[in-house]
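**Q** Pasting a predicted model and its sequence here:
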Amino acid sequence: MAGFQVVTLTKVAEERIHDIVANAGEGAEGIRVGVKNGGCAGMEYTVDLVSEPDPKDDLVESNGAKIYVAPEAVLFLLGTELDYEVTKLRSGFVFNNPNQTSACGCGESVTLVPAELPKELVKH
């Protein structure tokens, strides 16, 4: 069975992760992304600094930038491109997620559906 990456990163997101880890001090490994219930649309993305990786997380490495994906979030984030943008009003990670069906007006919460795994990736 061929491996797959849950999340891919843009060059800008890779650079931002490198900056975060470099400025976080000793022991920082990368970032952890996940989802949680909340907000008016039902779910919110989470981004946290990782100093002690959880062995249950899926690790995605891209040009040295490390992202740990929480196991409960894998099906909601499968196929997502993580980007980083800076505008006049905000800066932060942007989840370009094919499993996102809608978002609230402020963009802080989203509605997500789990991805369907291709048959060749399903363990029998």
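**A** Good, I have the coordinates.
**Q** Next, the residue nearest the centre of the chain: secondary structure please.
**A** Note on the chain: the residue nearest the mean C-alpha position is Val33, at 4.1 Å, using C-alpha atoms, centre = their mean. Following DSSP: H, G, I helix; E, B strand; the rest coil, the label given to Val33 is strand.
**Q** Next up, the contacts around it.
**A** Residues in contact with Val33 (C-beta atoms under 8 Å, 6 or more residues apart in numbering) are 7, 45-47, 67-70, 73, 77, 82, 93, 95. In short, each C-beta sits where N, CA and C put it, glycine included.
**Q** can you give me the helices for the protein?
**A** 11-24, 74-77 (DSSP state H).
**Q** Out of these, which gets nearest to Asp57?
**A** helix 74-77 (9.3 Å; C-beta to C-beta).
**Q** and that closest one, what other elements does it pack with?
**A** strand 30-37 (3 or more C-beta pairs under 8 Å, 6 or more residues apart in numbering; DSSP states H and E).
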